[in-house]
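>>> Model the following, please.
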Amino acid sequence: MTDLQALRTQYRAQKAALFESLAASGTATRGVRATLGKLAALADATLVTLWQEAGFTSPFALVAVGGFGRGELFPYSDVDVLVLMPDDQSPDTDAPLKARIEAFIGSCWDAGLEIGSSVRTVSECLHEAAHDVTVQTSLLEARLITGNAALFAAFEQQFFAALDPQAFFVAKTLELHQRHHKFEDTPYSLEPNCKESPGGLRDLQVILWVAKAAGYGGDWDALAKNGLVTAFEVKQLKHNEAVLRLIRARLHLLAKRREDRLVFDLQNAVAHSFGFEPPSPSTDRRAFVRPSETLMRRYYWAAKAVTQLNQILLLNIEEKLNPSTHEPRPINARFYDKAGMVEVASDDLYQREPHAILETFLVYQTTMGVKGLSARTLRALYNARNVMNAQFRHDPVNRATFKQILMQERGITHAMRLMNQTSVLGRYLWVFRKIVGQMQHDLFHVYTVDQHILMV
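All right, here's what the predicted structure looks like:
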């Protein structure tokens, strides 16, 4: 019989060692995914031992779901598991089985695993998933830990056969918009939630969820193989995902509980864990930067990139799920109106003709019926960020275009917000100030178009 106290001591010791490696990595993000995977594997091994001790026989399967199903476990996140049973088994009618399941769940807690558990037959899983998108999402990431592999395979086959990719996409994007609204639709909150806020880890997970549901792959490399992301975007996604993972892991470690908010009380501590130190007292006050400011700048850059990539990839997936039947209508030689979205005439337009970058927003502002930018245009803008250098900012043609945007009678607020969302305004901000200062019109209200516009 397993000694639960010894198992608990062993589990805690091994977990503490992994915590130490997470805490000691400084700013390095390379190994964070592997360490989170090791925490999940450690929980797996403990669960297998307890499952065998409980005496479960082949008809049943123990399944990891939710974030644990992804094969990663943050320091104080729940270990979500599903006891999967065939349809002819039920603890409601089998008292010994019910007692064994309760004993297994109790032993998990006794061994130091903070589990979230559910017990369902295959049919019950399918029924719950059909009526609750949260359950559907959790089961989408299901992973077999131990037990009946054939039962789990049958569940997966039936689950994906019943899954409607288009309905799931609609549900998850609606959920995303509601969540973003809850956090004021900005990645620049003073105390952001690095999991749930716009630009947080949840935005990356939504992409992978809808892609997996549609059969396009369950990781960034698989999405690249299916033509949904470029090699450059995969690099950006992996880098920023690792930054957010490390920040979230450090928050858990410092708070000693599940804490996903970068609250003021923890910002300095997290900054110090990254190795960010305050300047010496002799530093010029104009150049003085607090460690927390360095950390938040790093967070905001990652969140901004995730926000942009989330929008690009979701539009790409939506277009693949629901191909547009609208024929592109030429606006001018550089742009088309495609189903109410401004679309570049070619993917390399901004590289060949940098003047077209600001023209994009003038076209958006002045073309009737246009409601946004297409995925192709957003991707082209994202990949053209290196073009917006000092030479670009001093170019008289660009300055004239920017002035035209400010002088339009309508749509200034929407154009400025869109420029902010695509990081164009941040790179042109000082020119924006200078041009507005030179103009005689009362255009200073543009500064309040978005309370976070100056934080890009």
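>>> residue boundaries of the strands in the stretch 151-300 of the chain?
Listed in chain order, the stretch 151-300 of the chain contains no strands at all (DSSP state E, counting those that start in this stretch).
>>> Where does the prediction get shaky in the stretch 1-150 of the chain?
Across the stretch 1-150 of the chain, the ranges flagged by pLDDT under 70 are 1-2.
>>> And the strands in it?
For the stretch 1-150 of the chain, applying DSSP E, counting those that start in this stretch gives strands covering 61-64, 79-85, 115-121, 143-147.
>>> Just give me the neighbour total for residue 333.
Neighbours of residue 333 under the rule other C-beta atoms under 10 Å: 8. Quick note: C-beta positions are derived from backbone N, CA and C, even for glycine.
>>> where do the strands sit along the stretch 301-450 of the chain?
329-330, 335-338, 341-344, 372-373.
>>> what's near enough to touch residue 126?
By C-beta atoms under 8 Å, 6 or more residues apart in numbering, residue 126 lies in contact with 158-159, 162.
>>> wait, I meant residue 344
334-336, 350, 356, 360, 374, 376-377, 380.
>>> Same question for residue 127.
Residue 127 neighbours (C-beta under 8 Å, 6+ apart): none.
>>> any idea how far residue 391 is from residue 190?
Distance of residue 190 to residue 391, given as C-beta to C-beta, to the nearest Å: 35 Å.
>>> Same question for residue 212.
43 Å.
>>> Looking at the two, which one has more neighbours?
residue 212 (20 against 10).
>>> can you tell me how far the more buried one sits from residue 388?
The value you get for residue 212 to residue 388, if C-beta to C-beta is used, is 35 Å.
>>> Show me how to select, in ChimeraX, the buried members of the contacts of residue 344.
To isolate the buried members of the contacts of residue 344 in ChimeraX, using 16 or more other C-beta atoms under 10 Å:
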select :334,335,336,350,356,360,374,376,377,380
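>>> now stretch 102-121, how far from the chain's geometric center?
The chain centre lies 29 Å from the centre of stretch 102-121; the measure is C-alpha atoms, centre = their mean, to the nearest Å.
>>> got the end-to-end distance for it?
Counting by C-alpha to C-alpha, to the nearest Å, you get 16 Å between the two ends of stretch 102-121.
>>> buried set for that stretch?
Quick answer for stretch 102-121 (16+ other C-beta under 10 Å): 104-105, 107-108, 111-113, 115, 117-121.
>>> try stretch 157-175
Buried, per 16+ other C-beta under 10 Å, within stretch 157-175: 159, 163, 165, 168-172.
>>> and the end-to-end length of it?
Stretch 157-175 end-to-end distance (C-alpha to C-alpha) = 26 Å.
>>> Kindly provide the whole-number mean pLDDT of that stretch.
Taken as a whole, stretch 157-175 has a mean pLDDT of 97.
>>> how far is it from where the chain is centred?
18 Å.
>>> Give me the contacts around that stretch.
Residues outside stretch 157-175 that contact it (C-beta under 8 Å, 6+ apart) are 122, 125-126, 129-130, 133, 136-137, 139-140, 142, 206, 209-210, 213-215, 314, 317-318, 321-322.
>>> The stretch 201-350 of the chain: helices as residue ranges?
Under the criterion DSSP state H, counting those that start in this stretch, the stretch 201-350 of the chain carries helices at the ranges 201-213, 220-225, 231-255, 264-273, 291-321, 349-352.
>>> looking at these, which is buried most?
helix 201-213 (a mean of 22; mean count of other C-beta atoms under 10 Å).
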